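>>> mind folding the following:
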Amino acid sequence: MLDALIASGTDRLHFWRDKQQRAVDFVVPRGRDAVDAIECQWNPAAFEPRGLLAFCELYLKGQNYVVSPLNGPPYERAEGRLKLRHVSPQELRLSFSM
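Numbers count the residues shown, from 1 in each chain. As a prediction, the model looks like this:
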């Protein structure tokens, strides 16, 4: 996943973890107040949103991506109050290409 972000030209990547050890794999600043969050999963059905929920309470604006080796088109789904965009590494690269 990291190589897809680098290939897209994204030059600022961060990792996020709080004191309760909830984490987000990649954080990409997108503007003054917007931050995109990216979680990597082999199996999107097994995604646990605990870290992403905590992150989104602090950073309200931005997209939330779950990246996995999909065999079909990207799709969106809601996880509680979160809107998640499930994409493949190739789709992620296209989403971040400038």
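
>>> assign the residue sitting nearest the centre point of the chain to helix, strand or coil.
With distances taken as Cα atoms, centre = their mean, residue 38 lies nearest the centre of the chain, 1.6 Å away. Following DSSP: H, G, I helix; E, B strand; the rest coil, we place residue 38 in the strand state.

>>> correct me if wrong: it contacts residue 25.
Yes. Judged on Cβ atoms under 8 Å, residue 38 makes contact with residue 25 at a distance of 5.8 Å. Every residue, glycine included, has its C-beta placed from N, CA and C.

>>> and the nearest residue to residue 10 once chain neighbours are set aside, how many neighbours?
Of all residues not flanking residue 10 in the chain, residue 96 sits nearest, at 5.1 Å (Cβ to Cβ, 6 or more residues apart in numbering). For residue 96, the neighbour count with other Cβ atoms under 10 Å is 20.

>>> point out where this protein drops to low pLDDT.
1, 4, 7-9, 97-98 (pLDDT under 70).

>>> strands along that one, start to end?
Under the criterion DSSP state E, the chain contains strands at 14-17, 23-29, 35-40, 64-67, 75-79, 82-87.

>>> out of these, deepest packed?
strand 64-67 (a mean of 24; mean count of other Cβ atoms under 10 Å).

>>> the residue nearest to the centre of the chain and residue 68, how far apart?
Between residue 38 and residue 68 the computed distance is 11 Å (Cβ to Cβ, to the nearest Å).

>>> try residue 80
Distance from residue 80 to residue 68, by Cβ to Cβ: 19 Å.

>>> name the nearest residue to residue 24, ignoring sequence neighbours.
residue 16 (4.4 Å).
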